[in-house]
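> turn this into a model:
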Amino acid sequence: MRITMRGAFAAAALLAAVVACTDFEAPEPVVLPDVLVANPSFDRDIQPIFTARCATASCHNFATQQMGLNLQAGAAYDAIVDHDSPTSHDLPYIRPFQPDSSWLVRMIQADPARRFFNERMPLGRTPLTDNQIATIINWVNAGAPRN
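Residues are numbered from 1 along each chain as shown. Take a look at the predicted model:
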């Protein structure tokens, strides 16, 4: 089997992205309030979770867009609401009014079966708190409004 320089470079880049996204030693830079928000706003309550927990460590930001997903402010909403995930089992990242049919909601939950036995997000980091997950679910249940 012959490995080309291009193939070796691609493999090294993929490995670097995975390692960066699973840096178990890197500190989590922002501590979010651990509160349940009954009527969340995307801008006030959801985007800060994505910014602090998902768009860091070279995972879902403009530069790396792991799995093609950018969750940075200004890009996240358009990237997730009614947009299919490449590994979604025919589920969009977020399906308004339907958290059980939303890939992103499934990927942050504790139950491996809900995640189709994929790794829990954020990968290699402390999971979102129950209140943060419930806040995201409340937002999806409200129709995932851009507010």
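> what sits up against stretch 92-111?
69, 79-85, 88-89, 91, 114-116, 118, 120-122, 127-128, 133, 136-137, 140-144 (Cβ atoms under 8 Å, 6 or more residues apart in numbering). Backbone N, C-alpha and C define where each C-beta goes, glycine included.
> quick check, central residue of this protein?
Centroid-nearest residue in the chain, with Cα atoms, centre = their mean: residue 54, separated by 5.2 Å.
> average pLDDT for stretch 100-117?
The pLDDT scores in stretch 100-117 average 95.
> thinking again about what came up before, of the contacts of stretch 92-111, buried ones?
Among those, those classed as buried by neighbour count (16 or more other Cβ atoms under 10 Å) are 69, 79-81, 85, 88, 91, 115, 120-122, 128, 133, 136-137, 140, 142, 144.
> got a list of what residue 134 touches?
Counted by Cβ under 8 Å, 6+ apart, residue 134 has contacts residue 36.
> that one should be in a helix, yeah?
Yes. Assessed by DSSP: H, G, I helix; E, B strand; the rest coil, residue 134 belongs to a helix.
> and it, how far is that from residue 99?
Note on residue 134: its distance to residue 99, by Cβ to Cβ, to the nearest Å, is 10 Å.
> equivalent analysis for residue 145, please.
In this view, residue 145 and residue 99 are 14 Å apart by Cβ to Cβ.
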